[in-house]
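please work out how this folds:
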Amino acid sequence: MISGRMNWRVTLLQPVKIPDGMGGSRSDFQPVGKVWAELRNVNTKEVPAVGAAASDLVRQISIRRRADVRRGWRAQIGGRFYDVLNTYDINREATMLVCREVTT
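Prediction:
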């Protein structure tokens with residue numbers, strides 16, 4: 001991990017359950033912190049969608065090592081959101097997040 005390549009500011013979002021006031025709950029994400037990261041495009045492909053083609057972007061986000069980030073979290077970069085599909089501890093210094101862009 002070369003710290004000079006970590007030039008993106010990423011907000012890590014943890015999933016939380018919020019009571020809806022009627023005995024149930026809804027899922028949402030709450031910010032946990034901002035970290036510097038290195039981004040790599042791993043796979044971009046076009047997938048069929050109703051009436052048009054849509055793209056599917058899978059990306060690697062390398063951050064300084066964190067033990068709390070898990071599958072199901074989200075990463076926010078600017079106005080874009082990415083679902084964390086998996087995490088890997090590369091070494092004692094870095095954690096790699098494999099993420100898919102969230103499209104609505």
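
contact partners for residue 92?
By C-beta atoms under 8 Å, 6 or more residues apart in numbering, the residues touching residue 92 are residue 65. Where you see a C-beta, it was placed from the backbone N, CA and C, and this is true even at glycine.

and the gap between residue 75 and residue 95?
The spacing between residue 75 and residue 95, counted by C-beta to C-beta, to the nearest Å, is 12 Å.

out of these two, which sits in the busier spot?
More neighbours surround residue 75 than the other of residue 75 and residue 95, with 25 against 21 (other C-beta atoms under 10 Å).

after the helix or strand hosting that one, which helix or strand is next?
Per DSSP states H and E, residue 75 falls inside strand 74-77. Once the chain leaves strand 74-77, the next helix or strand it forms, by DSSP H and E, is strand 80-89.

go through that next one and flag the buried ones.
81, 82, 83, 84, 87 (16 or more other C-beta atoms under 10 Å).

same check, this time on stretch 67-75
69, 73, 74, 75.

give me the phi and psi for residue 22.
Backbone dihedrals for residue 22, given as degrees, to the nearest 10, come out at phi -120, psi 20.

now residue 6: phi and psi?
Per degrees, to the nearest 10, the backbone of residue 6 is at phi -80, psi 80.

go on, residue 72?
When read as degrees, to the nearest 10, the backbone of residue 72 gives phi 100, psi -20.

ok, residue 99 - contacts?
Taking C-beta under 8 Å, 6+ apart as the test, what residue 99 contacts is 58, 59, 60, 61, 75, 82, 83, 84, 85.

mind listing what the fourth one touches?
Meaning residue 61. Per C-beta under 8 Å, 6+ apart, neighbours of residue 61: 8, 10, 37, 38, 39, 40, 75, 82, 96, 97, 99.

spatially nearest residue to residue 58 (excluding sequence neighbours)?
Closest residue to residue 58 in three dimensions, ignoring its sequence neighbours and counting by C-beta to C-beta, 6 or more residues apart in numbering: residue 43, at 4.3 Å.
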